[in-house]
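**Q** heads up, no residue letters with this:
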Ligand SMILES: C=C(O[C@@H]1C=C(C(=O)O)C=C[C@H]1O)C(=O)O
């Protein structure tokens, strides 16, 4: 692997919470709660999609990032990437891949490089996804600092989502944060006829 990015590991400390009572726009919630592949959705919005690997390393899962499926102290491969659409950074993603999940058919997930993790995950018939939780990140957060390093002005809180994927009985956790210029913050234009009463 080439040298890690100077900001790696960016990390993601946050209070992930149930999205049920969030007061966000429909458009942003639609992106945050979409259980399908984010890679596939971004590809529909751009000509050139790419994954930039910021870095990856093995470490003990922190108590703050532990989940019901991944225990604190468990050895995980941390993978951080940027997803770009037509050279615009759309998403920062931090994934935790337990070494105990990187066995058998799943060993290759340890060496994805710039191949999209989602592209591989969503091609598996064994894939299931648990509930999506969301969180916001301000300018001072690690991902806010990353945005400013990328010369992306952080004019409003950034929003992200986290969920556990299961490949059969093998868990992995994926957290994604929409960066300032992401499509997720662009209001979906209403259709021209939306809400206009037409005389019969
Ligand atoms: C889970 C997906 O994979 C995407 C690609 C990732 C990667 O390559 O590390 C990480 C998270 C996602 O943004 C997806 O496309 O839905």
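**A** In hand now; what should we look at? This one's a predicted model, so the numbers in the text were calculated from it and none came from an experiment. Numbering: from 1, shown residues only.

**Q** which bits of this structure sit near the ligand?
**A** Counting by Cβ under 6 Å from any ligand atom, the chain comes close to the ligand at 37-39, 51, 79, 81, 83, 91, 93, 95, 116-118, 121, 174, 176. Backbone N, C-alpha and C define where each C-beta goes, glycine included.

**Q** Most neighbours of all those, which one?
**A** Among the residues of the chain next to the ligand, the one with the most neighbours (other Cβ atoms under 10 Å) is residue 176, at 26 neighbours.

**Q** my read: it touches residue 39, true?
**A** No: Residue 176 is not in contact with residue 39 according to Cβ atoms under 8 Å; the separation is 10.3 Å.

**Q** Is the residue in the chain that the ligand sits nearest to in a helix, a strand, or coil?
**A** Evaluated by Cβ to the nearest ligand atom, the chain has residue 118 as its residue closest to the ligand, separated by 2.0 Å. Of the three states, residue 118 takes helix under DSSP: H, G, I helix; E, B strand; the rest coil.

**Q** contacting residues around it?
**A** 37, 38, 39, 40 (Cβ atoms under 8 Å, 6 or more residues apart in numbering).

**Q** just for this protein, where's the confidence low?
**A** Residues of the chain meeting the criterion pLDDT under 70: 1, 188-200.

**Q** Now the most centrally placed residue in it: closest residue in space that isn't a chain neighbour?
**A** Centroid-nearest residue in the chain, with Cα atoms, centre = their mean: residue 176, separated by 1.9 Å. Spatially, and ignoring its direct neighbours in sequence, residue 176 is nearest to residue 93 (4.6 Å; Cβ to Cβ, 6 or more residues apart in numbering).
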